[in-house]
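Engineer: With the sequence up front, the predicted model follows.
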Amino acid sequence: MVSSTVVYAAVPISVIVAIGLIRKWRSRSWTKYICNTCLRGKTFLITGANSGIGLETAKALVKRKARVIFACRDLNKAKNAIANIRKEQPTGGEMIPMLLDLSSFESIEKFVEIVKAGFHKIDVLINNAGVVVPLDQDAKTKDGFEIHLGVNHLGHYYLTNLLLDHLKRGAPSRVVVVSSTLHEKGKINFADLNLKQEIEDAKRRKGSRRHNPGYCNSKLMNCYFARALADKLSGTGVDVNTCCPGFCYTDLFRNSIRWYHYILMAPVFLLFMRSAQQGAQTVVYCASDYSIEGSSGKFYRDCEPYDSKYPFDKDEEIKLWNVSDELVKARKPIPL
Ligand SMILES: NC(=O)c1ccc[n+]([C@@H]2O[C@H](COP(=O)([O-])OP(=O)(O)OC[C@H]3O[C@@H](n4cnc5c(N)ncnc54)[C@H](OP(=O)(O)O)[C@@H]3O)[C@@H](O)[C@H]2O)c1
């Protein structure tokens, strides 16, 4: 009797201990960025700083006395995040909540106007905000673009371009584009950037594919945008780099994950997913490490350069830049 109780208890305990040990072993390859250099006097602007990787990035920078602008689509969430950080770090840097909805060109313009009126320069812009929405939901931005194209790519494309003078004034300054290694699964179909066909297929199928093509394509666009911008800003003292935080447990998949996924996928989550804080390490490194100052156009993962498997093509890069420019100027999806 006693021995069977012991066996029943031993099995789950052994599983938990084994998972804990494997996770610890795996996390050895997840680089921890340690740097205490003071960032007083530097202004960092982080999109989507109220949650996940953006929030942890903000915390790490505030700890080093940086001034951080929380550019968020919900001002209350930004204020709550700031209040919580302030409780943890009463002597940290300054934090400023500001409204920015990347799904609206009008909101981006208003935001930039306020930034320009309030700040003389920006030292580091971190394009972090992002969404993942199942394609069958056919989500659109306020201006009518497919949601991943609009928020993850066009919103940041427009925001960054409007802030270029401020970034140049902050030189040596940086733009950090938070992409993902999922860009390697992306594909750019210029004849259907708004993914009409994919959305129709997804609605018919009524189920999501393993990798959301809208999201992967937008993460590829992030990479192309950063590469093109790095070239355009060469010699200005503004570095532009892309990074992947790794597979992290955040709110990013809130629209795709159902309660039963948590049970079915628990071992994967426990073994392979980083915390948001672990994911933020490479972002903070790209945003603040002095050893990479002057190096631009690279992709980082685990605080070191990463060789993408995507066959980047200069013509595709230039075409995407020009098309993005046209779409932002037209302010609505136009036939290309
Ligand atoms: N988590 C991962 O495994 C993973 C892996 C690779 C790359 N990434 C990238 O990491 C970045 C941060 O994602 P996360 O994992 O930290 O997810 P998250 O916790 O969901 O954070 C995303 C942030 O973006 C904001 N956002 C969404 N739509 C916006 C809009 N229209 N305007 C302004 N802000 C908006 C969200 O605001 P609300 O809170 O108001 O929704 C939130 O603050 C994303 O670019 C993502 O692609 C994540």
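Structural biologist: Received it, and whenever you're ready, just let me know what you need. Numbering: from 1, shown residues only.

Engineer: Please list the outside residues in contact with the longest helix along the chain.
Structural biologist: The longest helix of the chain (DSSP state H) is helix 2-26. Under the criterion CB atoms under 8 Å, 6 or more residues apart in numbering, residues 267, 270-272 lie in contact with helix 2-26. For the C-beta atoms, the positions are set from N, CA and C on the backbone; glycine is no exception.

Engineer: from these, which is closest to the ligand?
Structural biologist: F272 (10.0 Å; CB to the nearest ligand atom).

Engineer: State the number of residues packed around the closest one.
Structural biologist: Counted with other CB atoms under 10 Å, residues neighbouring F272 total 14.

Engineer: ok, for it, nearest residue in space, not its chain neighbours?
Structural biologist: With sequence-adjacent residues excluded and distances taken as CB to CB, 6 or more residues apart in numbering, F272 is closest to F247, at 5.9 Å.

Engineer: Distance-wise, check the one you found relative to L99.
Structural biologist: Per CB to CB, to the nearest Å, F247 is found 30 Å from L99.

Engineer: For the chain, what lies in contact range of the ligand?
Structural biologist: 47-48, 50-54, 72-74, 77, 100-103, 128-131, 151, 178, 180, 244-245, 247-248, 250-252, 276 (CB under 6 Å from any ligand atom).

Engineer: Model confidence for G207, exactly?
Structural biologist: Note for G207: predicted pLDDT of 62.

Engineer: In the stretch 101-250 of the chain, what residue lies closest to the ligand?
Structural biologist: Here the stretch 101-250 of the chain gets closest to the ligand at one residue, G130, 2.7 Å apart by CB to the nearest ligand atom.

Engineer: Could I have the buried ones of the residues of the chain next to the ligand as PyMOL selection syntax?
Structural biologist: Here is the PyMOL command that picks out the buried ones among these, judged by 16 or more other CB atoms under 10 Å:
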select buried, resi 47+48+50+51+52+53+54+72+73+77+100+101+102+103+128+129+130+131+151+178+180+244+245+248+250+252+276
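
Engineer: and the residues of the chain next to the ligand, which of them are in helices?
Structural biologist: 52-54, 77, 276.

Engineer: Quick one: end-to-end length of stretch 299-315, please.
Structural biologist: Length of stretch 299-315, first residue to last, CA to CA, to the nearest Å: 19 Å.

Engineer: For it, what does the pLDDT average out to?
Structural biologist: Across stretch 299-315, the per-residue pLDDT values average to 98.

Engineer: Stretch 50-62 too?
Structural biologist: Averaged across stretch 50-62, pLDDT comes to 98.

Engineer: what's in contact with it?
Structural biologist: 39, 44, 46-49, 68, 70, 72, 74, 77-78, 80-81, 85, 88-89, 92-93, 95, 126, 128-129, 178, 245, 248, 250-252, 276-277, 279-280, 283-284, 287-288.

Engineer: roughly how far is it from the heart of the chain?
Structural biologist: 11 Å (CA atoms, centre = their mean, to the nearest Å).

Engineer: Point out where the protein drops to low pLDDT.
Structural biologist: For the chain, the stretches with pLDDT under 70 are 1-2, 206-208.

Engineer: What segments of it are helices?
Structural biologist: Under DSSP H, the chain gives helices at 2-26, 52-63, 75-88, 105-118, 147, 156-162, 164-169, 196-205, 213-232, 259-264, 266-272, 276-288, 314-330.

Engineer: Out of those, flag the one nearest C303.
Structural biologist: helix 276-288 (4.4 Å; CB to CB).

Engineer: Tell me the buried residues in that closest one?
Structural biologist: 276-288.

Engineer: which secondary structure elements does it contact?
Structural biologist: Secondary-structure packing of helix 276-288 (3 or more CB pairs under 8 Å, 6 or more residues apart in numbering; DSSP states H and E): helix 52-63, strand 124-127, strand 173-178, strand 238-244, strand 299-301.

Engineer: Output the ones in helices among the residues of the chain next to the ligand in JSON lines, with distance to V6 appended to each entry.
Structural biologist: Below are those laid out as JSON lines (distance: CB to CB, whole Å):
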{"residue": "G52", "distance to V6": "41"}
{"residue": "I53", "distance to V6": "43"}
{"residue": "G54", "distance to V6": "47"}
{"residue": "K77", "distance to V6": "48"}
{"residue": "A276", "distance to V6": "38"}
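
Engineer: The ligand: which of the residues you listed is nearest?
Structural biologist: Closest to the ligand, out of all of these and judged by CB to the nearest ligand atom, is G52, at 2.3 Å.

Engineer: For that closest one, give its distance to K77.
Structural biologist: G52 is 12 Å from K77, by CB to CB.

Engineer: isn't F70 right up against A49?
Structural biologist: Yes: counting by CB atoms under 8 Å, F70 does reach A49; the two are 4.0 Å apart.
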